[in-house]
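> no sequence on this one, just coordinates:
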């Protein structure tokens, strides 16, 4: 599926923290930057998210702020 | 100000598109990935966003999805 | 790509409104309900969104409120 | 109260998962599609969300992506 | 309708800016703080949003960041 | 850092609820209104969020709905 989300960047999961219904994961992008994601535990299990997983971080442009 | 947003990554604005009340900007991160941001025109003007601006892209972890 | 987003529902585009940098589309789901989406014009063009397009509406669970 | 949110669709709660501070609920829409929602536990308790509750799922159009 | 959104604060519209498909409004809360909202033009028209409108600003808790 | 987020309002934390990976906080604004925020536990710890903390609530305009 081709997505409207403007931000789809590949990376590798480096850290996973599992809560009761929420999971937070850290993803290292190719360029070395780290992105944090907070998803449902159900989604994390369904996708098999674990340290070392090759993933794509997906963010809608309207959720991206800028700072100067 | 120190922000709770888990994602704060530095980059350089490479493209700006100005709408009636919304502006979309493309930001190239240090690692070469490009991030798109859609903000209000008022915000873009206040921050002086233009091609070449050194900015920080800010995203709340709960707005980041993962794909595999 | 398999997405973490918990909501991925098929439908057909019934209406498209094109702004300067933003496009709003209405999608009729199989069950007859209509969902509105607001995406960047760039994304709408890249995906070829037009009346009649078969699409999938994608929403992160943390963006869904409930009312009673 | 009449809301600006473009998406307000009726359904019935079919599943509830209770975390420490977050609750995820599944809602079956009239047409048979299922929508997942992640809200605070406080909100779920205040609204009395439980299996069988008649609810309205509410989503802002800017939080809806499209895929093709 | 009773909403799960944790933030529902009353105020008065003090400014409206109309784009092609998006409208931004400024709302002055009782305490004097001003909140900006960006909604679809369709929603703004349907709700009759104009300077002087008594409104309620609604924000999901997961969309609220903190800074120190 | 100067942020594009249109809503940056000062207040005092009056309540904190700590989950496994998520924290919800209540912030009383100067005008007396209360705002709820749901952030990662990591962020709450890094910022030292506790009852009495002087904070700034930050919300992107596109995450603010209106009701009438």
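Arrived safely. If you're wondering where the values come from, they're calculated on a predicted model, not measured in any experiment.
> CA atoms for contacts and neighbours, from now on please.
Noted.
> list the contacts of the residue of chain A found nearest chain F.
Nearest to chain F in chain A, going by Cα to the nearest Cα, is residue A:67, at a distance of 4.3 Å. Residues counted as contacts of residue A:67 (Cα atoms under 8 Å, 6 or more residues apart in numbering or on different chains) are B:47, B:55-58, F:1-4.
> residue A:24 too?
So residue A:24 contacts A:16-18, A:36-39, B:61, F:21 (Cα under 8 Å, 6+ apart).
> ok so, going back, ok, which pair from the contacts of residue A:67 is furthest apart?
B:47 and B:58 (14.0 Å; Cα to Cα).
> more neighbours: these two, which one.
residue B:58 (22 against 17; other Cα atoms under 10 Å in any protein chain shown).
> my read is the more buried one is in a helix, agree?
No: under DSSP: H, G, I helix; E, B strand; the rest coil, residue B:58 sits outside any helix and is assigned strand.
> beta partners for it?
Residue B:58 has these beta-bridge partners by DSSP bridges: residue A:65, residue B:8.
> how close does it sit to chain C?
Per Cα to the nearest Cα, to the nearest Å, residue B:58 is found 18 Å from chain C.
> repeat that for residue A:46.
For residue A:46, the distance to chain C - Cα to the nearest Cα - is 8 Å.
> how many residues are close by the closest residue to that residue other than its chain neighbours?
Among residues not flanking residue A:46 along the chain, residue C:4 sits closest, at 8.0 Å (Cα to Cα, 6 or more residues apart in numbering or on different chains). Residue C:4: 27 surrounding residues under other Cα under 10 Å.
> could you check how far residue C:4 is from residue A:13?
14 Å (Cα to Cα, to the nearest Å).
> neighbours around residue A:54, how many?
Counted with other Cα under 10 Å, residue A:54 comes out at 17.
> one step back: can you list residues touching both of residue C:4 and residue A:13?
Both residue C:4 and residue A:13 lack any common contact, where contact means Cα under 8 Å, 6+ apart.
> please enumerate the strands of chain A.
Along chain A, the segments classed as strands by DSSP state E run A:7-18, A:22-29, A:34-40, A:54-59, A:65-67.
> let me have those strands in TSV, extended by mean pLDDT and distance to residue B:31.
Shown next, in TSV, are the strands of chain A (pLDDT from 0 to 100; distance: least, Cα to Cα, whole Å):
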stretch	mean pLDDT	distance to residue B:31
strand A:7-18	97	11
strand A:22-29	97	8
strand A:34-40	97	11
strand A:54-59	98	15
strand A:65-67	98	18
